[in-house]
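**Student:** 3D, please:
(chains A and B)
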Amino acid sequence: MSLSSSMNIAQQALLANQAALSTVSNNISNINTFGYSKQRVDFATVTNYGQYGSGAYGQIGANAGAEIGSLTRYTNAYLLGSYRDQATDMSYLNEFAQIAKTIDGMTNELKGTGLQKAMEKFYDAATAMNLDPKDSVARQNFLQQAQTVVTKFNEQAKGLDNLRTSLVGDVNKPGSLEDSSVSSTVKDVNKKLEQIAKINDDIVKLSSAGSQPLNLLDQRDQLLNELSGYLPITVKDNPNGTNSVQINGVDVIRGNELVGKLEVKAGDNDNPATINMVDIKGNLVGENINKFIDSGSLGAILDAGGTDPTKLNPKNALDKLNTLATEFAKVFNDLQTGTDASGKTALSINKDTMELEKSTEVFFKSKDGTPINAMNLQLNDALVKDPFKLALARADMTAPGYDPKAIGGNQNALAMIDTRTSSYAGLGNTTFEGFVGKMTGDIGTKIESINTAGKTQALTLTQTKNQLASSTGVNMDEEIMDLTKYQRAYEASARVYSVCTQLMDILVNLGK
Amino acid sequence: MYIRTTSMSMANSIMDYVSTGTSRYHELMQQVSTGKKLNSAADNATDAMGVLNLNKELSQMDGYLKSMSSAQNELNVLDSTLSTLDKNLMRFNDLTLQASNQTYDETSLKNIKTEMDSILENIISLGNTKFNGNYIFAGANTGTAPFEKTATGGVTYNGTPATGDFERKIQISEGVSTKINVAGDSLFGSYDAVTGAGSGILKTIFEISNALGEAPPNTDKARDGLTGLDAASKNTNFIRAEFGGVSQQFVMTKNTIDNNKLNLTAFKSSLEDVDITSAISDLTMQEYVLQATMAVASKSISTSLLNYL
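**Tutor:** Numbering: from 1, shown residues only, chains lettered A, B, ... in the order given. A predicted model of the protein is given here:
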């Protein structure tokens, strides 16, 4: 025990408090950094070991002041884990809500520009035409409205198909998979995996016995949070500060080593994109893990690109639209050229003789020769060129009294109007417009439930995020208190040092 | 025990409160300004389906109303034509009675025949009455004049029978369609001057007129025609009554549809329109909430130990 030891203690205290102040300074400057965890200095007493006399003097002699024992990072593994899980679900719902919004925009029937409105006008025109079947203007108008219906079918089908292609590609369109969301998302996932493995490697290199580069841990946690937005992951902490990441129970990162990644391969019509797990050399580890990626934005993309009828997806909506288009075209084609059970034949007007003749031109055609669907539906051009080819009369041509001059006959026009109220087995026993309503309702219900789930999830996530920010973030008042505390301690230590110096002066003067 | 809060969590919370409040405020503002609470099926799928169904029904009803109002015009023309026809037949009847009195000399009978012939022309032109460019007595052959005088002095019927395949019908409500035309041949008939074959009014009046044209005028034969005239007049009035009934049916159906339309429109409005009163009071309420949130936020943000140390 000596005066110089007191000076040493004071000097050490100055250094320690200075270091503590720098931590406070770092905390305050990172107050708005998302993902930053508050760092706290923990002071510890220093003990001298050795002989310093006996009794109380010896005890005092053993006191060697204070030092910074450790630097702690405020972290909460449990909260972080549940935050990640929730973030995965949230990002699933967010992504899905985006896709749903697009589908909703395409199929919105309430804005007065939808399929139902087009059909409404189509039937209005049919009613007007029924009053004067030989009027070419009324026929023209009816055909124009039919064209609008066709255009609506085409537009919606193309929109839904393009949406699906942009999500998961189309097996029939080369290159579409590479440009799809699923490919770019998988690329992002792989990039994040690389970055995380790299940071884990840095952590190993920079770690010295028991202490770790805290800022790197923060950065890695942040990357893990981002990764969890793409797909569900399991994170396991390793003793050396690194961690392992599993996708579907298989390691993709083992400490500082990247051991696996995802790849996208073309699948079939129902699931155009297949996600495989491969090792770092590209050897297949897990084939088609699509169904395990049930959350995160990647999960949402896969679900929306799939065919599950319980989930909202463009394929499902497109299939229904196709069913409707096929039935609609079939019904009108049958009316336009058919002969019914009682031998009555659809009759159009020969525009040269202005007499009835057997109708031969169909109403709707397919653009590409394949069976008619919403995408290839087309109005028969022959009708547009000559509206008199539209069959509005219907009669038995072989019956006595049949008169080809009966161009005012409207039996077939009436039958066309009647289709509005007929239910069709192919449409689940609903009318055309009823089917549109059901389609809209189905999409609406699904979007509604996604939005509701999204709202609930957002609330939960906000709470967890706040909890996380509360327990790991920086509190200004706390820092100010610490600042004052360390400032006072620094001032006091400096005072002790200066007192010691004065005493030293006295001692030196004593010898004179 | 206290729960640690941090500047960031506080800021996050405040941002949350304010943006939740703002988005709700915005939503209400949109509702008030558009007057609609249903902008997409996702807002309320059940109501949206209801609205679509109602749209369809309302448009169908409009179609029925349009059809009926146009058909009503045609029926009005038909009615006035039939009424004129009846008057013509009555005058023809009077002339026939006069002629068969046997008190007129040949010159007078010739005059009577001249008037009869002009009535005959009238009746033929009534048979060729058009509505909106369509011959109303031509069955389904609406583009051609149904009654045409032949070179031999008769009249042929060019129209189609107004039965079966060639009835012209309109839809007046779901699944119900009504015939709106009367076949020219069943009323006017036709007459072949060479063979004397024919039917209906035309045969009757042609025969009477031709009898008076004989030399000397055959007044007995003309008198025989009176029964036919009587039947023709009855038939005309019968058809008038029949289509009068159709008009009545239109009026009643129209009333029902108007009534239904009113109810359905009100129902549709309740599904898709905003109750402005409650929306505005909600909006005002939300405005207060938002203001309060912001006031509290500004207070809590500015509170810091820094101000006191």
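**Student:** got the phi/psi numbers for A:Leu258?
**Tutor:** The main-chain torsion angles of A:Leu258 are listed as degrees, to the nearest 10 and equal phi -90, psi 120.
**Student:** Touching, it and A:Lys191? I think so.
**Tutor:** No - contact between A:Leu258 and A:Lys191 fails when scored by C-beta atoms under 8 Å: they sit 11.1 Å apart. Yep, even glycine has a C-beta here, placed from its N, CA and C like the rest.
**Student:** show me where chain B has helices.
**Tutor:** B:7-34, B:45-100, B:106-127, B:184-187, B:200-213, B:219-272, B:276-302 (DSSP state H).
**Student:** May I see these arranged in a markdown table, with distance to chain A as well?
**Tutor:** Supplementary listing: the helices of chain B in a markdown table, determined by distance: least, C-beta to the nearest C-beta, whole Å:
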| stretch | distance to chain A |
| --- | --- |
| helix B:7-34 | 4 |
| helix B:45-100 | 3 |
| helix B:106-127 | 16 |
| helix B:184-187 | 11 |
| helix B:200-213 | 17 |
| helix B:219-272 | 7 |
| helix B:276-302 | 11 |
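**Student:** will you turn the ones you listed into TSV that also has distance to A:Gly441?
**Tutor:** Shown next, in TSV, are the helices of chain B (distance: least, C-beta to C-beta, whole Å):
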stretch	distance to A:Gly441
helix B:7-34	22
helix B:45-100	4
helix B:106-127	55
helix B:184-187	51
helix B:200-213	57
helix B:219-272	13
helix B:276-302	25
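**Student:** With mean pLDDT and mean neighbour count added, can I get those helices in JSON lines?
**Tutor:** Putting those into JSON lines (pLDDT from 0 to 100; neighbours: other C-beta atoms under 10 Å in any protein chain shown) gives the following:
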{"stretch": "helix B:7-34", "mean pLDDT": "85", "mean neighbour count": "16"}
{"stretch": "helix B:45-100", "mean pLDDT": "92", "mean neighbour count": "19"}
{"stretch": "helix B:106-127", "mean pLDDT": "91", "mean neighbour count": "16"}
{"stretch": "helix B:184-187", "mean pLDDT": "86", "mean neighbour count": "23"}
{"stretch": "helix B:200-213", "mean pLDDT": "90", "mean neighbour count": "23"}
{"stretch": "helix B:219-272", "mean pLDDT": "92", "mean neighbour count": "15"}
{"stretch": "helix B:276-302", "mean pLDDT": "89", "mean neighbour count": "13"}
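**Student:** Quick one: list the elements packing against the helix or strand containing A:Leu461.
**Tutor:** Using DSSP states H and E, the element containing A:Leu461 is helix A:432-472. The criterion is 3 or more C-beta pairs under 8 Å, 6 or more residues apart in numbering or on different chains; DSSP states H and E, and the helices and strands that helix A:432-472 contacts are helix A:77-107, helix A:115-131, helix A:314-337, helix B:7-34, helix B:45-100.
**Student:** Go ahead and measure how far the second one is from the middle of the chain.
**Tutor:** The chain centre lies 40 Å from the centre of helix A:115-131; the measure is C-alpha atoms, centre = their mean, to the nearest Å.
**Student:** Could you tell me the average pLDDT over it, please?
**Tutor:** Model confidence over helix A:115-131, given as mean pLDDT, is 92.
**Student:** Please apply the same query to stretch A:316-329.
**Tutor:** 95.
**Student:** circling back to that earlier point, now the helices and strands packed on helix A:432-472 in TSV, with distance to B:Gln286?
**Tutor:** Putting those into TSV (distance: least, C-beta to C-beta, whole Å) gives the following:
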stretch	distance to B:Gln286
helix A:77-107	23
helix A:115-131	33
helix A:314-337	35
helix B:7-34	5
helix B:45-100	22
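**Student:** between those helices, which one is nearest to A:Asn200?
**Tutor:** Relative to A:Asn200, the nearest member of the helices and strands packed on helix A:432-472 by C-beta to C-beta is helix A:77-107, separated by 16.0 Å.
**Student:** Can you spell out which helices and strands pack onto the closest one?
**Tutor:** Secondary elements touching helix A:77-107 (3+ C-beta pairs under 8 Å, 6+ apart): helix A:136-168, helix A:214-230, strand A:234-237, helix A:296-305, helix A:314-337, helix A:432-472.
**Student:** Partner strands of the third one and their direction?
**Tutor:** On the basis of DSSP bridges, the sheet neighbours of strand A:234-237 come out as strand A:243-247 (antiparallel).
**Student:** related to what we said a few turns ago, who wins for proximity to A:Gln246 among the helices and strands packed on helix A:432-472?
**Tutor:** A:Gln246 lies closest to helix A:77-107 among the helices and strands packed on helix A:432-472, at 12.6 Å (C-beta to C-beta).
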